[in-house]
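[1] quick one, structure for this:
(one chain, ligands or ions: 3)
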Amino acid sequence: METLTIRRPDDWHVHLRDGAVLEGVLPYTARQFARAIIMPNLSPPMTDCAGVAAYRARIMAALPAGMDFTPLMTLYLTDGTDPDEVERGFAGGVFVAAKLYPAHATTGSAHGVTDVANIRAVLERMAAIGMPLLVHGEVTDAHVDIFDREAVFIERTLAPLVRDLPALKVVFEHVTTEEAVRFVTCAGPNVAATITPQHLHINRNAMLVGGIRPHMYCLPVAKREQHRLALRKAATSGSAKFFLGTDSAPHAVGAKEAACGCAGIFNAPFAIESYADVFEEEGALDKFEAFASLNGPAFYGLSVNEATVTLEKAPQPVPASIDANGTSIVPFHAGDTLGWRLRL
Ligand SMILES: NC(=O)N[C@@H](CC(=O)O)C(=O)O
Ligand SMILES: [Zn+2]
Ligand SMILES: [Zn+2]
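    Residues are numbered from 1 along each chain as shown. Ligands and ions are numbered 1, 2, ... in the order given. Below is the predicted model of the structure:
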């Protein structure tokens, strides 16, 4: 059987939620990934050291015995974030990065930043201490078409920010456009990006042709085919600027299949297998380890994992739905069969 062995991967962007759902979804992430960057958009959001430390403890308590997994925590930035709190948490190892959600851009962003000018002192402090800023890169201006919100964010917010604070490390999260790929590629070494499985697999047709498909809806929304192709090229290029971040974002089936359905795709159950299919299709399995296991730690200044995982070229069916500790969630690729399977 054809196999592929790589250093154990990490997920540089995941939503684990809290409470019963946390217990239900965490094993899927921990099965594959040694570490993950945990998003702080809970309700209420994780805006201080005490809250983040308590959330980390809940994650560790929910981890099944015998699983080897390290959560890397993040702080949720608001207009009122105190630079001293940011530095204290980073220096004390409470969190490794801070997350910028433009207010009302996505799920759980109501308390986000209304104007980056309001967090200027925080960003300057982060640049000074070498702490990465993680960005949900979409404008929220009602006049901007939803398919253009990422490209406009680059022009209006991200390019000026990177120009003004070149020392700031920035991860442009879940990039979805060729404009974002170009921006990250042309920027200096302090700018990198994560790419999700869904944005490598689907374009906007998957969401809108033949009926509206809420389980294909996430933010930033999937774009035209030309953008998907640019993302596949970037992910499989071998460039150290692009790395794995699933953006796995579980929502109960009823919250997705609704008149106003939530944004977010739950891809954690078979994320590494989903990415492996893309790299094989692109004839780039030799670049898979860099994307999944090397580029992320290099950017964050962390060591690579010593353990390895092996993928087998064998059918991996994906169930139609998953019971996450009492909450039914429809996973990405529901009902399909992937071509690689993680050997356990
Ligand atoms: N990606 C999504 O569509 N949703 C995420 C939030 C986010 O990452 O923007 C969520 O928390 O549900
Ligand atoms: Zn986001
Ligand atoms: Zn996310």
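[2] switch to C-alpha atoms for all contacts and neighbour counts from now on
    OK.
[3] which bits of the stretch 101-250 of the chain sit near ligand 1?
    Within the stretch 101-250 of the chain, the positions adjacent to ligand 1 are 106-107, 218-219, 247, 249 by CA under 6 Å from any ligand atom.
[4] can you show me the strands along the stretch 1-150 of the chain?
    3-7, 11-14, 35-38, 70-76, 97-100, 133-135 (DSSP state E, counting those that start in this stretch).
[5] mind putting those strands into TSV with distance to Arg182, mean neighbour count and mean pLDDT?
    Putting those into TSV (distance: least, CA to CA, whole Å; neighbours: other CA atoms under 10 Å; pLDDT from 0 to 100) gives the following:
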stretch	distance to Arg182	mean neighbour count	mean pLDDT
strand 3-7	28	16	98
strand 11-14	21	26	99
strand 35-38	24	23	99
strand 70-76	27	23	98
strand 97-100	21	24	98
strand 133-135	17	22	98
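[6] identify whichever of the ones you listed lies nearest to Leu344.
    Taking CA to CA, strand 3-7 is the member of these nearest to Leu344, at 12.2 Å.
[7] using PDB, list the CA coordinates for that closest one.
    Taking C-alpha atoms only, strand 3-7 is exported to PDB below (Å, rounded to 0.1, in the frame of the first residue of the first chain):
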ATOM      1  CA  THR A   3       1.900   5.500   2.300                       C
ATOM      2  CA  LEU A   4       3.100   8.900   3.200                       C
ATOM      3  CA  THR A   5       4.900   9.600   6.500                       C
ATOM      4  CA  ILE A   6       5.400  13.200   7.700                       C
ATOM      5  CA  ARG A   7       6.200  14.900  11.000                       C
END
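[8] just the strands in the stretch 151-300 of the chain please.
    In the stretch 151-300 of the chain, the segments counted as strands under DSSP E, counting those that start in this stretch are 170-172, 191-195, 242-244.
[9] pick the most deeply packed of these.
    Per-residue neighbour counts averaged over each of these give the maximum for strand 242-244, namely a mean of 30 (mean count of other CA atoms under 10 Å).
[10] show residues contacting that strand.
    The contact list for strand 242-244, computed with CA atoms under 8 Å, 6 or more residues apart in numbering, reads 10-13, 192-196, 234-235, 290-293, 295-296.
[11] same question, stretch 277-294
    Residues from elsewhere that reach stretch 277-294, judged by CA under 8 Å, 6+ apart: 6-11, 200-201, 232, 235-238, 240, 242-244, 276, 304-305, 338-340.
[12] could you redo the last one with a cut-off of 6 Å?
    By CA atoms under 6 Å, 6 or more residues apart in numbering, the list of residues contacting stretch 277-294 from outside reads 6, 9, 236, 238, 243-244.
[13] any idea which of these is closest to Pro160?
    Among the contacts of stretch 277-294, Phe243 lies closest to Pro160 (CA to CA), at 23.5 Å.
[14] any idea what that closest one is bridged to?
    Phe243 has the following beta-bridge partners by DSSP bridges: Thr194.
[15] any idea how far Ser303 is from it?
    Distance, Phe243 to Ser303, using CA to CA, to the nearest Å: 15 Å.
[16] which stretches of the stretch 51-200 of the chain have low pLDDT?
    Applying pLDDT under 70 to the stretch 51-200 of the chain flags no residue at all.
[17] helices of that one, start to end?
    Counting by DSSP state H, counting those that start in this stretch, the stretch 51-200 of the chain has helices at residues 83-91, 120-129, 149-153, 159-164, 178-186, 197-201.
[18] now those in TSV, with distance to Val209 and mean neighbour count?
    Listed next are the helices of the stretch 51-200 of the chain as TSV, based on distance: least, CA to CA, whole Å; neighbours: other CA atoms under 10 Å:
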stretch	distance to Val209	mean neighbour count
helix 83-91	45	18
helix 120-129	42	18
helix 149-153	22	20
helix 159-164	34	14
helix 178-186	22	19
helix 197-201	15	24
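[19] Throw these into TSV and include distance to Met46, thanks.
    Formatted as TSV, the helices of the stretch 51-200 of the chain follow (distance: least, CA to CA, whole Å):
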stretch	distance to Met46
helix 83-91	12
helix 120-129	16
helix 149-153	24
helix 159-164	24
helix 178-186	27
helix 197-201	26
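[20] nearest residue to His333 other than its sequence neighbours?
    Counting by CA to CA, 6 or more residues apart in numbering, the nearest residue to His333 once its immediate chain neighbours are dropped is Val318, at 6.3 Å.
[21] wait, that neighbour touches Gly335, no?
    Yes - between Val318 and Gly335 there is a contact at 5.4 Å, judged by CA atoms under 6 Å.
[22] those two - which one has more neighbours?
    Neighbours around Val318 and Gly335, counted as other CA atoms under 10 Å, are more numerous at Val318. The numbers are 18 against 13.
[23] and the more buried one, its phi and psi?
    phi -110, psi 120 (degrees, to the nearest 10).
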